[in-house]
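*Asks:* For reference, the sequence and a predicted model appear below.
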Amino acid sequence: MPQVNENPLKVSILASGSSGNVTYIEAGEQKLLVDSGLSGKKVTNLLNDIGKDMSDINGILVTHEHRDHVAGVGVLARKYKMDIYANEATWRAMTPIIGEIDVAQKHIFEMGQTMTLGGIDIESFGVSHDAAAPQFYAFHKNHKKFVMLTDTGYVSDRIKGVIENADAYLFESNHDIEMLRMGQYPWHLKQRILGDQGHLSNEDGAIAMAEVLGDATKRIYLGHLSQDNNMKELARMTVTDVLKQKDTGVEEAFRIYDTDPIQAGSLFTV
């Protein structure tokens, strides 16, 4: 008989977008959030929507200090006495935003390191974004791998080596380039988003996806969509078209899923 994986890795993208980001990760009794870019009340409600309770969360992994990733971190840390993990530069940058947290709850998770929490091996890797020291995470459990990659202006060969052939991805699909160029954002903000320390467009994200997905890949979630410069249908269509051109097996070997800024995604097993 095939061996059943004990305490499988489970994930829900609770919120993803320019207004706030939070992801739920579970394996057995280990329950984590990655970022908390909405109010504590909103995050609590999103967790309840997937049948989970904030009092069961063991800790929050922080990617970087921008408010759409840390708005609720301080409130939740103080209310529920949970552990918070971030690299040292991010701690310095986010402390004025999230407020003081008890030293016993503060943990340093440096870029390029791997930390094991409750049987989940968590690999951190740096990205190119205009923050102090932005890093994202690859989660490993029972030979399964879930990768989070948003908030980066480009995907380097180093990053590709870390994230290749994951079973599931949350991958940035921030903007449609023409919508952004023709939109109402001031020029300096458009330059920031389009730059090497900005965000991946639908097309650039898809090109990077095509270079890293592999035989194990079954799910790609399109994340961090701009509310002003993108649409779910457009992102999905653009990414699908690029992946079809690259002959990746999209819609056959793996599927593409939407995320939402205010509605929790279903809990799935990696």
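*Replies:* Great, that's in hand. Keep in mind it's a predicted model, so treat the numbers as computed, not measured.
*Asks:* where do the helices sit along the stretch 151-270 of the chain?
*Replies:* 157-163, 177-182, 187-194, 202-212, 232-245 (DSSP state H, counting those that start in this stretch).
*Asks:* most packed of these?
*Replies:* Highest mean neighbour count of the helices of the stretch 151-270 of the chain: helix 202-212, a mean of 22 (counted as mean count of other C-beta atoms under 10 Å). (Each C-beta comes from the backbone N, C-alpha and C, glycine too.)
*Asks:* neighbouring contacts of that one?
*Replies:* 154-155, 160, 163-166, 169, 171-177, 200, 220, 222, 230, 234-235, 238-239, 241-243, 246, 248 (C-beta atoms under 8 Å, 6 or more residues apart in numbering).
*Asks:* Just the mean pLDDT for it, thanks.
*Replies:* Mean per-residue pLDDT for helix 202-212: 98.
*Asks:* May I have it as CSV, with CA atoms only?
*Replies:* Only the C-alpha atoms of helix 202-212 are listed here, as CSV (Å, rounded to 0.1, in the frame of the first residue of the first chain):
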residue,chain,number,x,y,z
ASN,A,202,1.6,39.5,-15.9
GLU,A,203,3.9,38.7,-18.8
ASP,A,204,7.2,38.8,-17.0
GLY,A,205,5.7,36.7,-14.2
ALA,A,206,4.6,34.1,-16.7
ILE,A,207,8.0,34.0,-18.5
ALA,A,208,9.6,33.4,-15.1
MET,A,209,7.1,30.7,-14.2
ALA,A,210,7.8,28.9,-17.5
GLU,A,211,11.5,28.6,-16.5
VAL,A,212,11.0,27.2,-13.0
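*Asks:* now it, how far from the chain's geometric center?
*Replies:* 16 Å (C-alpha atoms, centre = their mean, to the nearest Å).
*Asks:* Equivalent analysis for stretch 185-194, please.
*Replies:* Computed by C-alpha atoms, centre = their mean, the separation of stretch 185-194 from the middle of its chain amounts to 22 Å.
*Asks:* can I get the helices of the stretch 151-270 of the chain in CSV with distance to Ser12?
*Replies:* Below are the helices of the stretch 151-270 of the chain laid out as CSV (distance: least, C-beta to C-beta, whole Å):
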stretch, distance to Ser12
helix 157-163, 20
helix 177-182, 28
helix 187-194, 27
helix 202-212, 21
helix 232-245, 18
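*Asks:* what's the closest of the ones you listed to Asp49?
*Replies:* helix 232-245 (18.9 Å; C-beta to C-beta).
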